[in-house]
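[1] After the sequence you'll find the predicted model.
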Amino acid sequence: MASLLPCPHCGPRPREEFTVKGAAQARPAPDASPDVWFDYVYLRDNPRGAYAEYWHHTSGCRRWLIVTRDTATHDVFDSRDAAEGREVRA
Amino acid sequence: MPQSLTLRPALARLPLQRSGLRIEALPEGTVLHLLAPVGSGPAGLTAELGASGLSLRPVSPGQWFAVGDAVLSNTARAALAARLKPAAEVVDQSHGRVRIALSGPMATRVLAKGTAADLSLTAFPIHHATTTLIGHIAAHLTRIAEDRFELIVLRGFAESQWEDLDRMSAEFG
Ligand SMILES: [Zn+2]
């Protein structure tokens, strides 16, 4: 059985329609120290449990999403457009 | 020496007639991709497009396809793009995407073999459209009528999509 992911624009779709990019975390300030940027680029928590990731609905609406799911059970808690709540720059 | 370009349709095929299903390549007329800021509606577009003989298909937030059976001349397309400019940018996809129609009472059953999108009339009403994988090919799907769907696929995938639909509908031979 295909694992389904809910897209806020398209509804539930099989994982095959998506590309996962990895952890969705806050981007450091441009002038943050190299240590902070190193952690942001390379260090991941890899938790067993809730995890927020960027997913791209590649074969669908082609929007970037932030999906929060449980890495052990694959229960999806939240799925939203990555631009939501941010200023969308033209 | 003057050279003339010959139009070679991506799907130079006769319609497939099954029992309860017909699959046909639609005329390679016009497919325009419209792009607007996320959150803007199609309200500013429909009148202009209707006057040009084009129908609107939602693609994703702020994006639509405008499709029609007739080829728009370069002049007409440029003029339309200029009139739409305040609302949306226009990218001509007429030579990049091909339309296929599936009609008949078995159309939903055949498509359901390839996509996980819910095709029930309540979840996917008439005029609703979405992009989804049909088998391994990303296709844009619009319900034109209860028993009629329009597929838009990239031109290079049109033959593969056609052959897949041929096989998917073989049971209704
Ligand atoms: Zn989507």
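    Ah, there it is.
[2] where does the chain have low pLDDT?
    Answering for chain A, as no chain was given. For chain A, applying pLDDT under 70 flags the ranges A:1-2, A:85-90.
[3] The chain in question should be chain B.
    For chain B (pLDDT under 70), the answer is B:1.
[4] got the domain boundaries for it?
    B:14-28+B:96-173, B:30-93 (automatic domain parsing).
[5] Start and end of the longest one, how far apart?
    Distance between the two ends of domain B:14-28+B:96-173: 15 Å, counting by CA to CA, to the nearest Å.
[6] can you give me the offset of it from its chain's centre?
    Remark: domain B:14-28+B:96-173 is offset 10 Å from the chain centroid, using CA atoms, centre = their mean, to the nearest Å.
[7] Over to stretch B:25-32?
    Taking CA atoms, centre = their mean, one finds stretch B:25-32 lying 8 Å from the centre of the chain it belongs to.
[8] so the residue nearest to residue B:77 when sequence neighbours are not counted bridges to which residues?
    Leaving aside its chain neighbours, residue B:77 sits nearest to residue B:92 (6.2 Å; criterion: CB to CB, 6 or more residues apart in numbering or on different chains). Any C-beta I mention is one placed from the backbone N, CA and C, and that applies to glycine too. Listed by DSSP bridges, the beta-bridge partners for residue B:92 are residue B:32.
[9] burial measure for residue 37, as a count.
    Went with chain A since none was named. 15 (other CB atoms under 10 Å in any protein chain shown).
[10] that's the wrong chain, I wanted chain B
    With other CB under 10 Å as criterion, residue B:37 counts 12.
[11] follow-up on the earlier one: right, and the domains of chain B - which one's nearest residue A:24?
    In terms of CB to CB, the element of the domains of chain B nearest to residue A:24 is domain B:30-93, at 18.6 Å.
[12] Determine whether any part of that closest one lies close to the ion.
    No - between domain B:30-93 and the ion, judged by CB under 5 Å from the ion, nothing touches; the nearest distance is 6.8 Å.
[13] and the end-to-end length of that domain?
    End-to-end span of domain B:30-93 (CA to CA): 8 Å.
[14] ok, which residues in chain A are in contact with the ion?
    Applying CB under 5 Å from the ion, one finds that chain A approaches the ion through A:7, A:9, A:10, A:57, A:60, A:61.
[15] so when I look at residue B:95, I'm seeing a helix, right?
    No - the assignment for residue B:95, made by DSSP: H, G, I helix; E, B strand; the rest coil, is coil rather than a helix.
[16] Wait, it touches residue B:156, no?
    No - counting by CB atoms under 8 Å, residue B:156 is not a contact partner of residue B:95; they are 11.3 Å apart.
[17] burial measure for residue B:117, as a count.
    Using other CB under 10 Å, residue B:117 has 23 other residues around it.
[18] hang on, isn't it packed against residue B:140?
    No - between residue B:117 and residue B:140 there is no contact under CB under 8 Å: 11.2 Å.
[19] Now do the shared contacts for the two.
    residue B:130 (CB atoms under 8 Å, 6 or more residues apart in numbering or on different chains).
[20] Check which helix or strand residue B:66 maps to.
    For residue B:66, the enclosing helix or strand under DSSP states H and E is strand B:63-68.
[21] now the angle from whatever helix or strand comes next after that strand to strand B:63-68?
    Toward the C-terminus, strand B:63-68 is succeeded by helix B:74-84 as the next helix or strand (DSSP H and E). When axes from the mean of the first three to the mean of the last three CA atoms, to 10 degrees is applied, the directions of helix B:74-84 and strand B:63-68 differ by 140 degrees.
[22] Looks to me like residue B:87 is in a helix.
    No - when three-state DSSP is applied, residue B:87 is found to be coil, with no helix at that position.
[23] Let me see the contact set for it.
    Taking CB under 8 Å, 6+ apart, we find residue B:87 in contact with B:36, B:40, B:44, B:45.
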